[in-house]
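Participant: How does the following fold in three dimensions:
(2 chains)
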Amino acid sequence: MASQPPLPTRRLLRGFAFDPSLATKLETALVSEILYKIPWEQNLRPGPVGEYVEVVDYDPPSQCFYAPVDLNAPHVLAQNGLQPSEGNPQFHQQMTYAVAMTTIDRFERALGRKAFWADRLEIAPGERPESRFIPRLRIYPHALRMANAYYSRNKGSLLFGYFPATEDRSSGQFPGGMVFTCLSHDVIAHETTHALLDGFHEHFMEATNPDVLAFHEAFADVVALFQHFTFPEVLRHQIARTRGDLRSENLLAQLAAQVGFARGTHGALRDAIGRFDRETGKWVRHTPDPMAYDHVKQVHARGAILVAAIFDAFLSIYQNRSRDLLRLASGGTGVLAQGDLHPDLVNRLAQEAAKAAGHVLNMCIRALDYCPPVDLTFGEYLRALITADMDLMQEDEHHYRVAFIEAFRRRGIYPRDVRTLSEDSLRWARPGEEQEGAPGESERMLAHFIKSIGLREQVDKLRYLATREQIWGETRKIRAALHQAIQGQVAKAELLQRLTGLALAEFQAPPNVSVRRDGHPVFTVQALREARRLGEDGRILNQVFITLLQKERVVHEGNEHVIRSGSTIVLDLETQKVSYVIGKGLNDQKRILRTIAFREGEDGAHSLAATYFDGTNEPFAALHNSGA
Amino acid sequence: MATAKKTKAGFPAAPAVAPGSPAKYRVRVRMYRHGLGDCFLLTFPRKGQEPLQMLIDCGVLTRDKAFMTGLVEHIHKTVAPKGGKARLDVVAATHEHKDHLSGFNQARAVFNAKFDFGAVWLGWTENLTKQEIEKIKKAKKKAADTLRAALAMPGLGPELEGVEDLLAFSKDDDTTGSGKISEALEYLKLRGTDAGDLRYLEPGEGPLELDGVDGLRVYVLGPPLDPILLKGSEVTEKMKRDGVIYHLGATGDAGMDGLAAAAGVGVVGDGERFFPFAAEHRIGRQSPYFGNLAGFLAQTYDDPKQSWRRIETDWMKAFGQLALDLDSDTNNTSLVLAFEFVKTGEVLLFVGDAQVGNWQSWADVEFKVPGREKPLPAHDLLNRTVFYKVGHHGSHNATLKKGGLELMNRPGLVAFIPLDQATAKVQGKHGWDMPAGPLFKALKEKAGERVVLSDAQEAISTEATAAGVKATAAYVDYFLV
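Facilitator: The predicted model follows:
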């Protein structure tokens, strides 16, 4: 029908830019609210309950429910959602939905494919455990009476707490006033990212070295931080206030200001570039400590090193991109005259900052595809970042990669086993480069392997599926077929075995790897992901990422330890080549000993809970309580 | 939930002097083998008079009145072998926990009838005549009350498992005669006042001298001063970074009130202010408006297929955290004493149950020592430690590695752990991790086989014996000759 308007692509929802605290300060009141623009969900039900998330507002300590908001009600639709309000639970639901969807959308756009939540392993008595598809992450905006919020894999949920602000009057908060973690953009984005990352790499919650959990925290912070740069009003406001110098104190680099102040810490919960010095009462900038990475083990503090490195890289990129603007605005000197900046200059600087932030966040998210599936370290993440970017952007016009390498180097984050810190050595090694055998032999074998398993045809099946559930189901079938294909032919298995360091071929497994009755070693094709991305030169990068996982049992000082190994195999579907094999092989004695030493708490954090409660099945609950 | 195991057996008989004890020594440290708890008797021989006797703590987690009376009778026999009144020249109590103080209640009659006290030493944190300190104590009491009330709630979740056992440290318990732990402290204050020598000690204080014991100095390292009670300029960088030394004092009452209200206790007025939203928004299952929600909930929260996602008890984790805060706050008020033999530089270190925050604070503690130009840093004392009373029964956060154990570099270091493993094992859901594996390993790296448990089941190694350790069924002695 001609009179029928097309479906909207975006839904506009009002919300707090950071958290409610900005609204009560004269300086920031004007920019305290923003319009979140999220993908339009046609079948959004009250809750809101959409395709990705469902908000269920149950408050167990208060023993009550709060009625679900209907975002499709005409009165609500007509004014871009409910008006921001701390006293209206329906607005809280809207805020969590808006921020969670913004975060998911950001993730999907960077990766170019749908996001999935962690599967639920269902164990029915007497049957084999079975993975189930979880369509929606559940969000409980008022689940806890404490200054905490966390992602629970066991419940496929985000739980947010509320708490009265500290009675310390010097905190600048209304003493005893109620603070809601579910009204903080940063807390919601952080927790949603935990859930997204867990759906992506399910073994990144297994602490096998001091970096693994720290990475989880850091990554969640990075996503929350860079989303600040998508708020145009706040961005312009802060650029104007800092006169374009984002290295000075600014709201964009801070996380969860209200929660931090309300807990009596005199500062935002975290700050990527500085901190509040209580002695002088002033904010001071961090100086990068090249030794910090060696001795800081506490999860949040260690994560902060990575966040600071990434943010530092961003700031260098922003400075690079805006230097010409500053010269233009200053008659060529690059030194700005005193006083406020011209609004046009503010706008242009804001555009550059937003662009750079968007690029950096894209790089950070895309790097996940190039990470080993287990036992990640910061150094390996740097290699993943560099490799992913080199694949996509052959020319590094704005020196993004150099900025990253420099920022990591300044904080003493180096990958193990690379010869130099140049881009080329940081890029993951290509198979064949370091293999023995006749030239081109393994390349030919790999091309043959890709053809014989019909990878292109398999992946093509995923392309036109409509729902995430269908994609999930089809992917599972392909994974099973791949598993079959790998173990079906010894030659293929041997080749992959050599590349990945895993035991895949029949009757060749070392004794510490479980073997099935038919002689095949036990391994899993854990994941299969595809990516089609447009390179800067107009080339389409058409890739598939396959994750293989295997367990080995190691006896050390009389105790048995299960050590996970695994590989991410990056395949180029255009050229039918294996681009990289990124992984951790079996029998790596150094890694095994390091893992055991770490697990035994040699390097672990001090925790009283460990003495009394024997660990916890909600790792993020305990973690977030000490540092949110 | 595991309940405290009570042993009916009486206190084991043992001679006042262990067989094989040296005739001459500078100090004897006696660790009683009475269960999970601390009781240390230090004996310093003096020229021309009776030895000076100092008692540090007298408590146990799970023993009855008769058993502890037997223990105190044994102390009497040791101090006054000829009978009559026994004089304890100094009685020090490290912190307000049952496993350190219960004996002063359980064996009160013996302490009253058969002992004279010369002086009582407590940490500054016990000086309730100061208003700010009383405020912190009140916050702790409130936390404990809130927790007990929470444990009485219907529909307890697994989140509360282990909390009850954790509370045992501060539990007022009439069945074993240990009564109110706070009363044990009040009793000690009374005895100190009667003796005319009651001291509240602060870090940096000292060196103190023990009457008639030549060449010995006593230094006070902890409890650390509370940043909240200090002026801005006195708050060090370190305190800010480790701002969790006394957690409950810092967070204030409001959070606790909210939890208490949810547990249905201690609510003054209607409790309305603890709810996050006005009453009009709250729809309970009994509410007349609940019907409007039933359809939505049937597909979400109440859907039986998704019951694994329900969160009825997750919020109760807050109580577990509160219990941990409470425990570690009190442990951190531990009085920490170092005894230095001036001539040889040897140091005996008694840390109570000091946890990480307390240990870290020593990095800034210094002492003005007569005849020394620069102040003496506390870490210098750690460096010269030859005897270490391991904190908190060997749990892994009560002995700091860096800036703690790693500094103890004297060869021949002896470490005593007051710990009954059988008792620790039946606490909580999975048992308490005492001694913690990694710490035990680290201790052994420093002290070899000279790590001695009070556990009556543990044999004393030949290395320990060679280092001056003698044992009977009732105690283990360490001699510095």
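Participant: Going by C-alpha atoms from here, please, whenever you check contacts or count neighbours.
Facilitator: Noted.
Participant: so where's the stretch 201-350 of chain B shaky on pLDDT?
Facilitator: Scanning the stretch 201-350 of chain B for pLDDT under 70 picks out the ranges B:227-255, B:264-271.
Participant: Which parts of it are strands?
Facilitator: Under the criterion DSSP state E, counting those that start in this stretch, strands of the stretch 201-350 of chain B are mapped to B:216-222, B:336-341, B:346-350.
Participant: Tabulate these (TSV), appending mean neighbour count.
Facilitator: Below are those laid out as TSV (neighbours: other CA atoms under 10 Å in any protein chain shown):
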stretch	mean neighbour count
strand B:216-222	24
strand B:336-341	23
strand B:346-350	24
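Participant: Make CSV out of those and add distance to A:Leu255.
Facilitator: Shown next, in CSV, are the strands of the stretch 201-350 of chain B (distance: least, CA to CA, whole Å):
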stretch, distance to A:Leu255
strand B:216-222, 35
strand B:336-341, 39
strand B:346-350, 42
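Participant: got those as TSV, with distance to chain A columns?
Facilitator: As requested, the strands of the stretch 201-350 of chain B are arranged in TSV below (distance: least, CA to the nearest CA, whole Å):
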stretch	distance to chain A
strand B:216-222	20
strand B:336-341	20
strand B:346-350	20
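Participant: what about these, which gets the closest to B:Arg310?
Facilitator: strand B:216-222 (45.2 Å; CA to CA).
Participant: Pull the residues that contact that closest one.
Facilitator: B:123, B:201-210, B:333-342, B:358, B:361-362, B:365, B:367, B:378 (CA atoms under 8 Å, 6 or more residues apart in numbering or on different chains).
Participant: now do 6 Å
Facilitator: B:203-209, B:335-342 (CA atoms under 6 Å, 6 or more residues apart in numbering or on different chains).
Participant: quick one: contacts for residue 165?
Facilitator: In the absence of a named chain, chain A is used. A:Ala165 neighbours (CA under 6 Å, 6+ apart): A:175-177, A:262.
Participant: not quite, I wanted chain B
Facilitator: So B:Asp165 contacts B:Gly428 (CA under 6 Å, 6+ apart).
Participant: Go ahead and report the secondary structure state at it.
Facilitator: helix (DSSP: H, G, I helix; E, B strand; the rest coil).
Participant: any low-confidence regions in chain A?
Facilitator: In chain A the weaker segments, taking pLDDT under 70 as the threshold, are A:1-2, A:166-173, A:263-267, A:278-279, A:432-439, A:601-628.
Participant: for it, longest strand please?
Facilitator: In chain A, with assignment by DSSP state E, the single longest strand is strand A:540-556.
Participant: Direction included, what does the very next helix or strand once past that strand pair up with?
Facilitator: Sequence order places strand A:559-572 as the next helix or strand after strand A:540-556, per DSSP states H and E. Using DSSP bridges, strand A:559-572 pairs in its sheet with strand A:540-556 (antiparallel), strand A:577-584 (antiparallel).
Participant: returning to what we had before: any buried residues in the longest strand of chain A, and which?
Facilitator: Buried residues in strand A:540-556, defined by neighbour count with 16 or more other CA atoms under 10 Å in any protein chain shown: A:541-552, A:554.
Participant: And for stretch B:448-463?
Facilitator: B:448-456, B:460, B:463.
Participant: Which two among these are spaced furthest apart?
Facilitator: By the measure CA to CA, B:Gly448 and B:Ala456 form the most distant pair in those, at 19.7 Å.
Participant: in the sheet, who's paired with B:Lys470?
Facilitator: Applying DSSP bridges, one finds that B:Lys470 bridges with B:Asp477.
Participant: could you measure the nearest residue to B:Phe339 once chain neighbours are set aside against A:Lys25, distance?
Facilitator: Spatially, and ignoring its direct neighbours in sequence, B:Phe339 is nearest to B:Val218 (4.6 Å; CA to CA, 6 or more residues apart in numbering or on different chains). Taking CA to CA, to the nearest Å as the measure, B:Val218 falls 54 Å from A:Lys25.
Participant: what about the residue nearest to the spatial centre of chain A, is that helix, strand or coil?
Facilitator: The residue lying closest to the centre of chain A (CA atoms, centre = their mean) is A:Phe219, at 4.4 Å. Three-state call for A:Phe219 (three-state DSSP): helix.
Participant: Give me the distance between the nearest residue to A:Leu549 once chain neighbours are set aside and A:His203.
Facilitator: Distance criterion CA to CA, 6+ apart; nearest residue to A:Leu549, sequence neighbours excluded, is A:Gly566 at 4.2 Å. The spacing between A:Gly566 and A:His203, counted by CA to CA, is 10 Å.
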